[in-house]
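Engineer: What shape does this take:
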Amino acid sequence: QVQLVESGGGLVQPGGSLRLSCTASGSIISIYAMGWYRQTPGNQRDFVARISRVGGTNYTDSLKGRFTISRDNAKNTVYLQMNSLKPEDTAIYYCNAGIRSIHSADVKDYWGQGTQVTVSS
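Structural biologist: Numbering: from 1, shown residues only. Predicted structure coming up:
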C-alpha cells in the first residue's frame with residue numbers, strides 16, 4: 001500500500017516559521033503532483049499549494065510570498081516552508097499526492113493524516 005506521513009507541525013509564535021514535510025512510501029511507481037491543504041474545525045479543506053513533478057508551482061493567492069512549496073523527488077518528499085505565520089494560519093495541514101502504485105493502473109489521490117499547526121503567543 002501507499003502512505004503519506006506528514007511531520008513538522010507544532011506551536012509557533014506569530015511572525016515565526018515552520019517547515020512541514022510529507023514523505024510518501026510503499027509500493028510506488030510514480031508520484032505526480034504533490035500539494036498541501038489545510039482545514040479548521042467546521043470548515044472545508046482548503047487548497048494551499050501544489051507542485052508538479054517537474055517543479056511547477058501554484059499557490060492560493062492569499063499565501064503567496066509567505067509560503068513556499070518544494071519537493072525532493074529522490075526522497076518522495078514534499079515540503080511547505082511557512083514564514084511570517086499569523087494566528088489565522090492555525091489549522092490541520094494535510095499532504096496530498098497523485099501516485100501510481102503497483103496495485104493499480106490508475107493514478108490515485110492519497111492523503112496524509114494531517115499535522116497540527118498552531119500560531120499563538
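
Engineer: hey, what's the spatially most central residue of the chain bridged with?
Structural biologist: Nearest to the geometric centre of the chain sits W36, at 3.0 Å (Cα atoms, centre = their mean). Beta-bridge partners of W36, counted by DSSP bridges, are A49, C95.

Engineer: and what of S101?
Structural biologist: I28.

Engineer: tell me, how many neighbours does it end up with?
Structural biologist: 19 (other Cβ atoms under 10 Å). Glycine gets a C-beta too; all of them are placed from N, C-alpha and C.

Engineer: Let me see the contact set for it.
Structural biologist: Shown in contact with S101 (Cβ atoms under 8 Å, 6 or more residues apart in numbering): 1-2, 26-29, 108.

Engineer: Output these in CSV; the columns should cover neighbour count, pLDDT and distance to G15.
Structural biologist: Shown next, in CSV, are the contacts of S101 (neighbours: other Cβ atoms under 10 Å; pLDDT from 0 to 100; distance: Cβ to Cβ, whole Å):
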residue, neighbour count, pLDDT, distance to G15
Q1, 9, 88, 40
V2, 20, 95, 37
G26, 14, 96, 38
S27, 11, 94, 42
I28, 16, 95, 37
I29, 13, 94, 42
K108, 12, 95, 39
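
Engineer: where does the chain have low pLDDT?
Structural biologist: By pLDDT under 70, the chain has no low-scoring segment.
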